[in-house]
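S.K.: would you be able to build a 3D model of this:
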Amino acid sequence: MSNFDLTLDMAGNIKGAFAVAIVDYESGMTLGSRGGSPEFDLEVAAPGNSDVVRTKLEVMQKLGLRETIEDILITLDTQYHLIRPVRGSADEKLFFYLVLNRAQANLAMARRDLKLIEQQLFMGNIAAPRPPADGQAFFPANTAHR
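M.R.: As a prediction, this is how the structure comes out:
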């Protein structure tokens, strides 16, 4: 199993996770994903957010901001969409795209968990994912995302 697969499994087990992807924001190509549904096409949503990342980086450059993006949050009625650039090699322009069910997720914990997962991916120290403590299945079925 590749580091991306293990990373996606770990991110998918964040409480309230509905969908997760790793995307190259330069090309818009999804390198791997988990979750989604017929009503939420992750193969459309994930690369579509490449434009969000590229645009934000362009605006930061025009403003002369010499900072890095920690994450970008899009809040919907029933979902949080969390975009987190992967810090690592300059030639890899990757980001996590994590969709959370607002009724189930703890945003602060999800941000912390995704940061730790991102650090482990960069360091190459991904361990085998553990099943959730509550015994919940990977990407639990929920209809609250509609």
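
S.K.: for Ala108, see how far away Ile117 is.
M.R.: The gap separating Ile117 from Ala108 is 15 Å, by Cβ to Cβ, to the nearest Å. Every C-beta, even on glycine, is put in place using the N, C-alpha and C of the backbone.

S.K.: again with Phe95
M.R.: 20 Å.

S.K.: about what we covered before: more neighbours, Ile117 and Ala108?
M.R.: Shown here are Ile117 and Ala108; by other Cβ atoms under 10 Å, Ile117 has more neighbours (25 against 8).

S.K.: got a list of what the more buried one touches?
M.R.: Applying Cβ atoms under 8 Å, 6 or more residues apart in numbering to Ile117 gives the contacts 7, 10-11, 96.

S.K.: if we go to 10 Å?
M.R.: 6-11, 13-14, 20, 84, 86, 96, 98, 126, 129 (Cβ atoms under 10 Å, 6 or more residues apart in numbering).
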